[in-house]
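Asks: 3D model of this:
(chains A, B and C)
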Amino acid sequence: MNKRSPVAAILRHGVLALMCIIAVIPLYWMVNSSLKNESEIFTSSFFPNAPTFSNYSYAFSQMPIVRMIFNSFGISILMTLLQLATSLLAAYALVRWRFRGKGLIFSILSLTWLIPFQAIMIPNYVLVNNMGLNDSMLGIVLPFCVSTFAILSLYQSFQSFPGVLIEAACIDGMNDWDILVRLIIPNIRSGIASLGIISFINAWNEYLWPMLITKKMENSPIQIGLKLFVNSDTNMWGSLMSATTVSCLPVLIIYLLLRRHIVDSFIKFGIK
Amino acid sequence: MARRSLNKTKLWRRIKPFLYLAPALILLSVWMYKPLITTFYLAFHKWNMVPGTDKKFVGLDNFDRLFHNPAFIDSIGNTVFYTAGLLPFSILIPLVLAVVTNNMNGKMKNFYRGIFFIPMILAPVSVSAIWRWLFHPSNGVVNHILLKLDLIQQPVAFFSDANFAKWIILLITGWKMIGFSVIMFSAALTGINREYYEAAAIDGATSLRQFINVTVPLMSPMIMFMLMMSILFSSQWTFAYIDILTTGGPYGTSTNIYYEMFRYAFSNLNVGFSSAAALVFFFIFGAIALLLNAVSRKLSFYDN
Amino acid sequence: MKRLAKGAIALMTAGSLILTSACGANSESSNTSGNANASAKASQVELGTLDPANPTKVTFYSYSLAYPTMKAGMEQLIQEFNDTVGKEKGVIVEGVPDATFQQYKADISAGKEVDVVQHTFNLLDSSRLGLGFKAYEDVFPQAELDEHLKGISPNALELGKIDGKMYGLAFTFSTPIVFINGKLFEEAGLDPANPPKTWDDIKKASLQIKEKTGKDGFGLSPQNGWVTEGLILSNGGRVLSEDHKQAEFANKESVDAISMWKDLYMNGASAKGTDAEVSEQFMAGNLGMYVSSTSLYSGIKKASEAGGWKVYGGALPQFGEKESIPVNSGSVLAVRPDSPEKNAAVWEFIKFVTGDRGYTIITSQIGYLPLRTGLADDPNGLKEFVEQNPLYRINLEQLSRIQPVAIWPGESATEMVTAFTDAIVKSVSTDADVEQTLKQAQDQINGMMP
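Replies: As a prediction, this is how the structure comes out:
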């Protein structure tokens, strides 16, 4: 490798540090604002002079925040598990066997990428209502329990799994279910984990559909409750920022605790 | 006897793949394809979504009105703006960041990548709330700083000024996107054999040359993948910010096609119109996807 | 007190004036014949019987429920109904927050029961045509209706009428006033108790505040929607033609009114931003004057107390010597019950929320005007409240000059509203030529007319 000059290294770290600052400064400002009192909230000081938690208590008194965060977690976890289950099965079928119609199935899967959700939400909304699932967690989750992205990326990591091993297992008399559950899944755990993380993040970030489905604050994910707060005519930026902080905190904490695993599993996952 | 059981196993083997595929396929047809067919059907009708009311067949009228609707034409322009504008954030910057961090030691590498990823995990409503506060015309810190630095004389109303609104939406979407792409590119980079670089270094290639001649070609499958995702989903990703921050304004300058579709349907209750727009974009994006697919096939030959 | 009574009388007269003028314009389907039609049908209308042991459920879609400043008041209104009349007669009302007016549309299209909607004025016709909302005369007995509507100001009743039939009963309601930050006024050497009367005064005061305090003097967001109509009407312009069949906002008076506003906006006499941002600026104490609905009063009052300044108010400014003509903001109650029992249940709810107790809550807890104007003098009603909050006087006085906000005709109403608002935003906040922009939008809207 070419020699590294210290100037280049400093420059490089400088740029990276700048990018880091850009990535987190909005978050810092959010926390900073949430701790400022009413007389200070409109100033641009970088530290709250007299930090206060009154904004938090106000936000908690206005909305069932804890309940909504639980809803968000429930929805995201359920969605992730269902997506993983359906895509593991489908990806296994696609890797394991050659069969007629495989090409067609790939097209069916890839075509879903072209369907904007806005184009199918009306029939789906009618369907969810007819099923009596309006304002329920299941109603939010159901249309999203298959992810083409998940199927295709699992298909790719399954392919990297040595076929010889599968054949050997076959000869040993293992049936297909066992091959999938006992042989393949344990071996590509990190791939599944990172896919699960992507699914979870996507579910957590889902916006339009939960907004249509939920009616009551008690049943809505935190995002929707927060949206009502954002839209309101009031000028309570302190409490809005504390509500926003609370809405970000759970995932942020989980992310910071598991950061290394998350980033690692992505890298190992190495989607080709 | 033996023959029949053979047939049976043959049949079983034929069915088995579909058994595994069934959950995914059934769910997709219920929640994606059936509604899509409904949408196709509705595109040629006039209907206001109220159950029990007639769907009136209007032929190509919806399409005709669509292409004579100035707001729709504008929204196409904006869609192109967002799609093209997002590419630096989803491809260029992340690619550079991934390559630069790749040569660092494990700890630093993970630290930087870990930080870049943070915006990705924040939900769009939270992100919108924060940015709205940052860019508030009279109370926001961005205006405070710009005023203090004497860069502007008057506070800028970022969300209601046509010169800024769509740039802000783009910036927010891009800000959130970078981390995800960095991780995806980093993943692809770890798969590249170091020997390529060593060979290039012995040939006396500079870092930039290495980047262009070695990294980019070897990463091309991933780049194509991200390119495809970025193009197909950019309209989806900007949606929430448009809805929360500008509702498409001022005077439709920050809207995009998906937001217009949403408005036609749920605000104007003009389902036929919305479906017609969906149909048009289904085919446009389809064409783009086919094209990208063809290109990426060519590139993957190159890879070998 | 005296002024209030005078206001109420003036209001009655104005109401009847508007009524007659509407008759002149549209004699075929005017009020009188509409009533005749309605009463002919009314004989067939019967309310079902309610059973307290087996209460009927009524859904109420309300945007007020979605906004923190109004939520508590609206919840109190529903709760009180459920605890009193509802319990006694057998009705349970379920409130559904609907911040963006999309939920009720989505739910109607999904076939859910949407019984009562807190509906905006301007889109009423489109909902009548498209969403199955019903005329009051067709679902409630005429005799009960007549009895209940006594005491509500007649021109308020007129606002929800289309072709002589009432498709919406005015519910929450207010007129635009100029909120004033007393502190900034005094710092600029102005007297907040003597607010600017004309738009010229506004500009002068605004520039003076800016010069003396460095803060913006005046704010009215081009996106606000309804105050704009008051501006146009005040200068003698029109938004829709008298027969409601054509858009007419590109005439000279309207163009002049919008050009005046553009002058404020372009020459530093107006704050910039969306409606929400401007109101936030005012509440943060960084804006001298802000034109908006009194429904924001409770929030503004709270903000001013926290910020250590006092709120004053002024009437909607006028052009020169012409008296200003405010329009109304707020909502009607639109109904779509589907059975005799539902009719009865919905009627009980309507009677309660638009009755004396209902309006007392709406005014004192949320901030809208009492449409039963008598309440303002009623010691059991709002007398004390109005005395403590003199801003409401301005509003009640303005009621005498009020004209209804445009109800855009036909099913494309939402598109028309968008086109109109976009044109105003473009005219006021960009270099675009006002007349040309308005003309273009007018043509576009006329192309969508039914």
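Asks: how far away is the spatially closest residue to C:Q281 that is not a sequence neighbour from C:K310?
Replies: Residue nearest to C:Q281 in three dimensions, not counting chain neighbours: B:S138, with 3.9 Å by Cβ to Cβ, 6 or more residues apart in numbering or on different chains. (Each C-beta comes from the backbone N, C-alpha and C, glycine too.) Per Cβ to Cβ, to the nearest Å, B:S138 is found 20 Å from C:K310.
Asks: between those two, which is the more surrounded one?
Replies: B:S138 (23 against 15; other Cβ atoms under 10 Å in any protein chain shown).
Asks: regarding that one, what is its secondary structure?
Replies: Of the three states, B:S138 takes coil according to DSSP: H, G, I helix; E, B strand; the rest coil.
Asks: C:S279 is in contact with that one, correct?
Replies: No: applying Cβ atoms under 8 Å as the test, B:S138 and C:S279 come out as separate, 10.6 Å apart.
Asks: for the closest residue to chain C within the stretch 51-200 of chain A, what are its contacts?
Replies: At 3.7 Å from chain C, A:N129 is the closest residue in the stretch 51-200 of chain A, using Cβ to the nearest Cβ. Residues in contact with A:N129, defined by Cβ atoms under 8 Å, 6 or more residues apart in numbering or on different chains, are C:107, C:110-112.
Asks: and the two most separated of those?
Replies: C:D107 and C:G111 (8.3 Å; Cβ to Cβ).
Asks: can you pick out the residue with more neighbours from those two?
Replies: Using other Cβ under 10 Å as the criterion, C:D107 and C:G111 rank with C:D107 on top: 22 against 14.
Asks: can I assume C:A334 sits in a strand?
Replies: Yes: under three-state DSSP, C:A334 sits within a strand.
Asks: surely it touches C:H119?
Replies: Yes: at 4.1 Å, C:A334 counts as touching C:H119 under the criterion of Cβ under 8 Å.
Asks: ok, the residue nearest in space to the middle of chain C - contacts?
Replies: Centroid-nearest residue in chain C, with Cα atoms, centre = their mean: C:S329, separated by 1.7 Å. Counting by Cβ under 8 Å, 6+ apart, C:S329 touches C:173-176, C:226-227, C:293, C:295, C:405.
Asks: may I see the buried residues of stretch A:198-207?
Replies: Neighbour counts over stretch A:198-207 (16 or more other Cβ atoms under 10 Å in any protein chain shown) mark A:198-207 as buried.
Asks: likewise stretch C:252-267?
Replies: Neighbour-count burial for stretch C:252-267 flags C:253-262, C:264-265 (criterion: 16+ other Cβ under 10 Å).
Asks: which secondary element of chain B has the worst mean pLDDT?
Replies: helix B:194-202 (a mean of 75; mean pLDDT, DSSP states H and E).
Asks: what's around the closest residue to C:V425 other than its chain neighbours, how many residues?
Replies: Nearest residue to C:V425, sequence neighbours excluded (Cβ to Cβ, 6+ apart): C:P222, at 4.3 Å. Counted with other Cβ under 10 Å, residues neighbouring C:P222 total 30.
Asks: quick one: distance of the helix or strand encompassing A:P250 to the chain centre.
Replies: Using DSSP states H and E, A:P250 sits within helix A:237-269. Remark: helix A:237-269 is offset 10 Å from the chain centroid, using Cα atoms, centre = their mean, to the nearest Å.
Asks: using TSV, lay out the contacts of C:S329 together with distance to chain A and pLDDT.
Replies: Formatted as TSV, those follow (distance: Cβ to the nearest Cβ, whole Å; pLDDT from 0 to 100):
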residue	distance to chain A	pLDDT
C:F173	17	80
C:S174	13	82
C:T175	17	85
C:P176	15	89
C:W226	15	84
C:V227	15	90
C:S293	10	86
C:S295	8	79
C:V405	19	83
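Asks: out of the contacts of A:N129, which are close to chain B?
Replies: C:110-111 (Cβ under 8 Å from any Cβ of the partner chain).
Asks: among the contacts of A:N129, which are in helices?
Replies: Using DSSP state H, the subset of the contacts of A:N129 located in helices is C:D107.
Asks: in strands, which of the contacts of A:N129 appear?
Replies: Using DSSP state E, no member of these sits in strands.
Asks: please parse chain C into its domains.
Replies: What automatic domain parsing lists as the domains of chain C is C:26-174+C:329-401, C:176-327+C:412-446.
Asks: adding distance to B:I284, write the ones you listed out as JSON lines.
Replies: As requested, those are exported to JSON lines (distance: least, Cβ to Cβ, whole Å):
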{"stretch": "domain C:26-174+C:329-401", "distance to B:I284": "27"}
{"stretch": "domain C:176-327+C:412-446", "distance to B:I284": "23"}
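Asks: mean pLDDT lowest where, among those?
Replies: Here the lowest mean pLDDT among the domains of chain C goes to domain C:26-174+C:329-401, at a mean of 82.
Asks: who in chain C is up against chain B?
Replies: So chain C meets chain B at C:101-102, C:105-106, C:108-111, C:126, C:130-132, C:216, C:221-223, C:268, C:271-274, C:277, C:280-281, C:284, C:286-287, C:411-412, C:414-415, C:418, C:421-423, C:425-426, C:429-430, C:444 (Cβ under 8 Å from any Cβ).
Asks: now the stretch 151-272 of chain A, which segments are flagged as low pLDDT?
Replies: Low-confidence segments of the stretch 151-272 of chain A (pLDDT under 70): A:231-235, A:265-272.
Asks: related to what we said a few turns ago, show the model's pLDDT score for the residue nearest to C:Q281.
Replies: The model reports B:S138 with a pLDDT of 84.
Asks: helices of the chain, start to end?
Replies: No chain in the question, so chain A it is. Going by DSSP H, chain A shows helices at A:6-34, A:54-62, A:65-96, A:102-111, A:117-130, A:137-141, A:148-159, A:163-171, A:176-178, A:185-187, A:189-205, A:208-213, A:222-231, A:237-269.
Asks: ah, I was thinking of chain B
Replies: Counting by DSSP H, the helices of chain B are B:2-28, B:34-42, B:61-67, B:70-87, B:93-102, B:106-117, B:124-134, B:141-148, B:165-190, B:194-202, B:207-210, B:216-241, B:257-262, B:271-303.
Asks: swap in the stretch 201-350 of chain C?
Replies: Using DSSP state H, counting those that start in this stretch, the helices found in the stretch 201-350 of chain C span residues C:226-234, C:252-266, C:275-283, C:297-307, C:340-353.
Asks: and A:I10, which of these is closest to it?
Replies: Here helix C:275-283 is closest among the helices of the stretch 201-350 of chain C (Cβ to Cβ), at 41.2 Å.
Asks: off-centre distance for the closest one?
Replies: On Cα atoms, centre = their mean, the centre of helix C:275-283 falls 19 Å from that of its chain.
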